[in-house]
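Novice: coords below, sequence missing:
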């Protein structure tokens, strides 16, 4: 089933708030994307002109996703006449959103516009940390959450800043398509894995990528492609085109943990997603490459100690 997605665009729209979710949903192959606005064209935060925009429809087809991206300067752009038109139109969608006939998706400061339209009252929500306090002020009846990648509450989704829109889009793909489709899209985008809404931290797929050494990245790519496989240090080193001893030293220097510890944390991440999908402990452990649920539990405990 194809699901319609409508992006509400205003002048100053943050380019990545728009293109990140749009490209993520496009790759899933199950969404029809539409771009609507009070204006026929708008200029994005990167000075890119977005034209041939559809006018605001009276209503949206049942089951549609309505995405409200953030803008580069919400104090300015959400105080314009154009924003007032958009806000009034959002208020007209409130009944459909409340009845979950329309799914509301706010990215970054887009939550502020939704709040001004009264769409977040009574809902749990979040936004970019720079405008979190303003969201509390503009939606005092909402339950504003800190340190969340995204928040889901009865068909209303809100996300933190910028790239969190990609994480939220992957979550939407998982919910409305399948978890496997979300994983496939994440790998295609080289996101490696999705973060959950309750996790303010980077997943191990991203946490240890903040370096520039090509051999270490090659080794990480090898393990990340098949974390459930039985990778020996020698096998990984050969594929990274370095010696085992050199790779061990490079990992300590650039990643801060050993090759084995990195591999184990990826396996734990795989197992935890399988648990979220309904696998029992033993099946989740085996699917991730562990020999038993007990081995998985021990690895989880070691991982928690290394992060803390």
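Specialist: Yep, it's here. Bear in mind the structure is a predicted one, so any value in this text is a computation, not a measurement.
Novice: quick one: the strands in the stretch 1-150 of the chain, in order.
Specialist: Counting by DSSP state E, counting those that start in this stretch, one finds strands in the stretch 1-150 of the chain at the ranges 3-8, 31-36, 42-43, 49-50, 64-68, 102-106, 124-125, 143-144, 150-153.
Novice: need those strands in JSON lines (columns: mean pLDDT).
Specialist: Listed next are the strands of the stretch 1-150 of the chain as JSON lines, based on pLDDT from 0 to 100:
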{"stretch": "strand 3-8", "mean pLDDT": "98"}
{"stretch": "strand 31-36", "mean pLDDT": "98"}
{"stretch": "strand 42-43", "mean pLDDT": "98"}
{"stretch": "strand 49-50", "mean pLDDT": "98"}
{"stretch": "strand 64-68", "mean pLDDT": "98"}
{"stretch": "strand 102-106", "mean pLDDT": "98"}
{"stretch": "strand 124-125", "mean pLDDT": "94"}
{"stretch": "strand 143-144", "mean pLDDT": "94"}
{"stretch": "strand 150-153", "mean pLDDT": "89"}
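Novice: span of stretch 98-118 from start to end?
Specialist: With Cα to Cα, to the nearest Å as the measure, the ends of stretch 98-118 fall 11 Å from one another.
Novice: now do the contacts for residue 32.
Specialist: Applying Cβ atoms under 8 Å, 6 or more residues apart in numbering, we find residue 32 in contact with 2, 3, 4, 5. In this view, the C-beta of every residue, glycine as well, is placed from N, C-alpha and C.
Novice: pull out the buried residues from those.
Specialist: 3, 4, 5 (16 or more other Cβ atoms under 10 Å).
Novice: coming back round to it: reformat the contacts of residue 32 as TSV; add distance to residue 242.
Specialist: Output for these, formatted as TSV (distance: Cβ to Cβ, whole Å):
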residue	distance to residue 242
2	47
3	46
4	49
5	45
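Novice: identify the farthest-apart pair in those residues.
Specialist: 2 and 5 (9.9 Å; Cβ to Cβ).
Novice: which element is the nearest residue to residue 292 once chain neighbours are set aside on?
Specialist: Leaving aside its sequence neighbours, residue 292 sits nearest to residue 285 (Cβ to Cβ, 6 or more residues apart in numbering; 5.9 Å). Of the helices and strands defined by DSSP states H and E, residue 285 is found in helix 281-287.
Novice: so which elements touch that helix?
Specialist: helix 259-276, helix 293-307 (3 or more Cβ pairs under 8 Å, 6 or more residues apart in numbering; DSSP states H and E).
Novice: quick one: contacts of that helix?
Specialist: 228, 270-272, 274-275, 279, 291-293, 295-297.
Novice: and that helix, how far out from the chain's middle?
Specialist: Averaging C-alpha positions (Cα atoms, centre = their mean, to the nearest Å) puts helix 281-287 25 Å from its chain's average.
Novice: stretch 180-194 now?
Specialist: 11 Å.
Novice: any low-confidence regions in this protein?
Specialist: For the chain, the stretches with pLDDT under 70 are 192-203, 205-206, 210, 306-308.
Novice: from residue 246, how far off is residue 112?
Specialist: Residue 112 sits 51 Å away from residue 246, going by Cβ to Cβ, to the nearest Å.
Novice: would you mind telling me which of the two has more residues around it?
Specialist: residue 112 (26 against 13; other Cβ atoms under 10 Å).
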